[in-house]
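Student: requesting a structural model of the entry that follows:
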Amino acid sequence: MTMTTAIEESKVQDLCEQTAMMLNKDSVDADTPIAELGVDSLNIVEVILICEQLYPGVMNPENLVFDEHTTLREMDGQLIENSVEV
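Tutor: Here you go, the predicted structure:
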């Protein structure tokens, strides 16, 4: 396992845990679309704030594409792909 993979898994787990806390759930699945998790247009801002804390080195946020079908794992991949180490 490479260090990058370990970091990606760590961030996915953190993203899931923090999203679950925000939604008042015990846990959420990283591979379930965010709309099915209960994320709506009102609390997507909270998810964005969580992402800003977990992925501080995101460059070109306009390259990120999230919709109601996006999973947390897909979000993690995009955020890592568009990040630089800080």
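
Student: from here on, just use CA atoms for contacts and neighbour counts.
Tutor: Will do.

Student: isn't there a helix covering C51?
Tutor: Yes: looking at C51 with DSSP: H, G, I helix; E, B strand; the rest coil, it is inside a helix.

Student: identify all contacting residues around stretch 53-63.
Tutor: With C-alpha atoms under 8 Å, 6 or more residues apart in numbering as the test, stretch 53-63 has contacts from 11, 14-15, 52, 79-80, 82-86.

Student: list the contacts for C51?
Tutor: Contacts of C51 by C-alpha under 8 Å, 6+ apart are L15.

Student: mean confidence (pLDDT) on stretch 23-36, please.
Tutor: Averaged over stretch 23-36, pLDDT sits at 97.

Student: what residue ranges in this protein score low on pLDDT?
Tutor: In the predicted model, the chain carries pLDDT under 70 at residues 1-9, 85-86.

Student: now the helices for it?
Tutor: Using DSSP state H, the helices of the chain run over 3-22, 34-37, 44-54, 72-81.

Student: make CSV from those helices and add distance to F66 to it.
Tutor: Output for the helices of the chain, formatted as CSV (distance: least, C-alpha to C-alpha, whole Å):
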stretch, distance to F66
helix 3-22, 15
helix 34-37, 9
helix 44-54, 10
helix 72-81, 7
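
Student: deepest-packed of the ones you listed, please.
Tutor: Highest mean neighbour count among these (mean count of other C-alpha atoms under 10 Å): helix 72-81, with a mean of 19.

Student: can you name the residues in contact with that helix?
Tutor: With contact meaning C-alpha under 8 Å, 6+ apart, helix 72-81 is reached by 8, 11-12, 15-16, 29-34, 55, 58, 64, 66.

Student: ok, G57 - how many residues close by?
Tutor: Burial measure for G57: 15 neighbouring residues, criterion other C-alpha atoms under 10 Å.

Student: now do the one 5 residues further on
Tutor: By the other C-alpha under 10 Å criterion, the neighbourhood of E62 contains 7 residues.

Student: understood, closing this out.
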